[in-house]
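Q: just coords:
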């Protein structure tokens, strides 16, 4: 929680969220369900498919990555991790851009997470590159420097980025 303490008294892009957090500390709940079914419980045979159920009622099928005998048609935890970083960056960027009175019409991110050994020699998503394509409209167009500053602010204020050790690089183009 050290990142939130640095926001006390500051009114940034996430001031509304911060006020909510400062009063009630938010919780985010999911229920994961996996069932063996009638498949033998042997390493090469059991299903890796499972369900994520979110607090609002949304359910999503997930699996292991195909390299770990998962279902390639379903999201895997590593993809979800990259998507979570991408989504948090986008949501924070949108708030900042709107407060600066820029009109953003489209935000596309082709995010890539890199699984490799970390400093301890363990496999981890050590790096994520967010490759943004942004489309603005209206009379007020941000400069390349303003886009860079908004991305930096969004990264600094993104709750997910503040929660991980992964190196995150942002490449933006308009």
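A: Ah, there it is. Small disclaimer: the values here were computed from a predicted structure and weren't measured.
Q: and the pLDDT at residue 173?
A: On the pLDDT scale, residue 173 is placed at 87.
Q: what's it in contact with, if anything?
A: Under the criterion of Cβ atoms under 8 Å, 6 or more residues apart in numbering, the neighbours of residue 173 are 132, 133, 134. For every residue, glycine as well, the C-beta is placed using N, CA and C.
Q: could I get the pLDDT score of the first one?
A: Residue 132 is assigned 97 on the pLDDT scale.
Q: how many neighbours does it have?
A: Here the number of neighbours of residue 132 (other Cβ atoms under 10 Å) works out to 20.
Q: what about it, which helix or strand?
A: strand 123-137 (DSSP states H and E).
Q: chain center to that strand, what's the gap?
A: The chain centre lies 10 Å from the centre of strand 123-137; the measure is Cα atoms, centre = their mean, to the nearest Å.
Q: what helices or strands is whichever helix or strand comes after that strand leaning on?
A: Next helix or strand after strand 123-137 toward the C-terminus (DSSP H and E): helix 144-157. Other helices and strands packing on helix 144-157, by 3 or more Cβ pairs under 8 Å, 6 or more residues apart in numbering; DSSP states H and E, are helix 77-99, strand 167-173.
Q: report the angle between the last one and helix 144-157.
A: The directions of strand 167-173 and helix 144-157 differ by 150 degrees, with axes from the mean of the first three to the mean of the last three Cα atoms, to 10 degrees as the criterion.
Q: quick check: neighbours of strand 167-173 in the sheet, parallel or antiparallel?
A: The pairing partners recorded for strand 167-173 under DSSP bridges are strand 123-137 (parallel).
Q: what residues does stretch 139-151 touch?
A: By Cβ under 8 Å, 6+ apart, stretch 139-151 touches 89, 93, 96-97, 100-103, 132, 134, 136, 170, 172, 174.
Q: buried stuff in stretch 105-114?
A: Neighbour counts over stretch 105-114 (16 or more other Cβ atoms under 10 Å) mark 107, 109, 111, 113 as buried.
Q: narrow those residues to those in strands?
A: Residues of the buried residues of stretch 105-114 located in strands (DSSP state E): 107, 109, 113.
Q: in CSV, list the contacts of residue 173 along with distance to residue 48.
A: Shown next, in CSV, are the contacts of residue 173 (distance: Cβ to Cβ, whole Å):
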residue, distance to residue 48
132, 32
133, 33
134, 36
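Q: closest to residue 159 among the residues you listed?
A: residue 132 (18.7 Å; Cβ to Cβ).
Q: tell me the contacts of the residue nearest to that closest one when sequence neighbours are not counted?
A: Closest residue to residue 132 apart from its sequence neighbours, by Cβ to Cβ, 6 or more residues apart in numbering: residue 172 at 4.2 Å. Residues near residue 172 by Cβ under 8 Å, 6+ apart: 132, 133, 134, 147, 148, 151.
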